[in-house]
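>>> Below is the sequence, then the predicted model.
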Amino acid sequence: MRWLQVLTASLLPFTALAAKKSTGDRFSDFRTKSLSAGQPPKLDDASYAQLTKAPRDYSVAVLLTALDARFNCMLCRDFQPEWLLLGKSWVKGDKNGQSRLVFGTLDFVDGKNTFQSMQLQTAPVLLYFHPTVGPNAKADAQPVRFDFTAGPQSAEQVHAWISRQVPGDVPKPSISRPINYVKLISVTTAVLGGITVLAVASPYIIPILQNRNLWAAVSLITVLLFTSGHMFNHIRKTPYVSGDGKGGISYFAGGFSNQFGLESQIIAAIYGVLAFATISLALKVPRIADAKTQQFAVFLWSAVLLCMYSFLLSVFRTKNGGYQFWLPPF
């Protein structure tokens with residue numbers, strides 16, 4: 001048995017050489033590297049030149065990047081996982097190589113001569129080489145360049161770009177992202193926690209949500225907010241106040257189609273006082289048991305209604321001099 005182990009060990013180098021021996025078909029050789037590595041193979045100056053030289057009956061997508069920490073290329077490091085995911089998904093989905101597309105990665109450390117010959121000053125750079133011979137050959141042998149000026153790109157965005165370069169009659173495998181178990185567990189825990197909090201707090205929250213006075217107050221505030229011109233201010237980007245041309249401040253804009261931010265707040269306050277006075281006269285005053293106190297409350301809230309409505313009419317006259325209605329004392 002010992003001589004059999006020695007014979008097996010002696011044959012291992014020859015077996016490895018046979019496995020690594022080139023078949024003469026560049027597409028098959030580099031595709032075999034991709035399948036064995038499970039990702040786009042790393043290139044150097046020689047292998048890059050070998051992969052992209054003409055004549056070429058296949059397409060090539062090469063990422064020129066700079067992952068070394070010395071270059072501080074954050075965009076390179078951010079995009080690298082997306083690039084590996086794209087290459088792995090494409091090779092896995094196109095097991096028979098029908099798309100005739102090879103992926104590769106050339107780092108600056110391994111391909112300085114290539115970077116210098118192309119006069120590249122930035123990274124990453126994604127190049128797509130069309131076939132130079134065959135039915136899908138292009139007359140222009142220059143590679144097509146993907147633009148990274150918009151920032152980090154996702155695998156789906158680059159996949160869409162490559163799919164536009166690949167002929168329409170060949171398969172275009174989709175991106176297959178691994179399940180993010182950490183995110184799944186976090187979301188599930190958060191949802192279950194939220195349901196638990198709602199279940200425990202429901203005896204205290206439901207009575208509040210069913211309170212008619214609360215909904216009446218919210219509805220009243222909302223109505224006053226929007227009838228006073230709050231949305232108009234946001235849409236038109238109106239100024240808060242403006243000068244009156246005499247060194248003072250103008251709180252109300254002239255014309256019914258103009259207003260200031262502070263003006264809408266003043267109008268909302270007037271409407272609020274008028275609404276509160278009306279509600280008090282209708283609901284609160286009739287419940288007062290003492291006749292004199294009730295009579296005083298009627299006069300008080302009626303005076304508030306008269307004064308505030310008179311002030312509101314004066315604001316209308318300020319905005320438009322042709323407005324003819326008025327009430328004392330304003």
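Thanks, I have the structure now. Residues are numbered from 1 along each chain as shown.

>>> Can you tell me the closest non-neighbouring residue to residue 278?
Closest residue to residue 278 apart from its sequence neighbours, by C-beta to C-beta, 6 or more residues apart in numbering: residue 305 at 7.1 Å. (C-beta placed from N, C-alpha, C; glycine too.)

>>> Roughly how far does that neighbour sit from residue 228?
18 Å (C-beta to C-beta, to the nearest Å).

>>> Same drill for these two, tell me which one is more crowded.
For residue 305 versus residue 228, neighbours defined as other C-beta atoms under 10 Å are more numerous around residue 228 (21 against 16).

>>> in what helix or strand does the closest residue to the more buried one other than its chain neighbours lie?
Spatial nearest neighbour of residue 228, excluding adjacent residues (C-beta to C-beta, 6+ apart): residue 268 at 3.7 Å. Element membership of residue 268, judged by DSSP states H and E, is helix 261-279.

>>> Return the set of buried residues in the helix or strand that that helix is followed by.
Downstream of helix 261-279, the next assigned helix or strand under DSSP H and E is helix 291-319. Residues 297, 301, 304-305, 307-309, 311-315, 319 are the ones in helix 291-319 that count as buried (16 or more other C-beta atoms under 10 Å).

>>> cool, stretch 260-269 as well?
Judged by neighbour count (16+ other C-beta under 10 Å), stretch 260-269 contains these buried residues: 260-268.

>>> Over to stretch 316-330?
Residues of stretch 316-330 classed as buried by neighbour count (16+ other C-beta under 10 Å): residue 319.

>>> and it, C-alpha only, in PDB?
Output of stretch 316-330 as PDB, limited to C-alpha atoms (Å, rounded to 0.1, in the frame of the first residue of the first chain):
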ATOM      1  CA  PHE A 316     -59.700  91.900   3.500                       C
ATOM      2  CA  ARG A 317     -59.900  95.700   2.900                       C
ATOM      3  CA  THR A 318     -56.100  95.900   3.400                       C
ATOM      4  CA  LYS A 319     -55.500  93.300   0.700                       C
ATOM      5  CA  ASN A 320     -58.000  94.800  -1.700                       C
ATOM      6  CA  GLY A 321     -59.000  98.400  -1.400                       C
ATOM      7  CA  GLY A 322     -62.200  97.700  -3.400                       C
ATOM      8  CA  TYR A 323     -63.600  95.400  -0.700                       C
ATOM      9  CA  GLN A 324     -66.600  97.300   0.600                       C
ATOM     10  CA  PHE A 325     -67.800  95.400   3.700                       C
ATOM     11  CA  TRP A 326     -66.800  96.400   7.200                       C
ATOM     12  CA  LEU A 327     -67.900  96.200  10.800                       C
ATOM     13  CA  PRO A 328     -67.000  98.300  13.800                       C
ATOM     14  CA  PRO A 329     -64.700  98.700  15.700                       C
ATOM     15  CA  PHE A 330     -62.100  98.100  12.900                       C
END
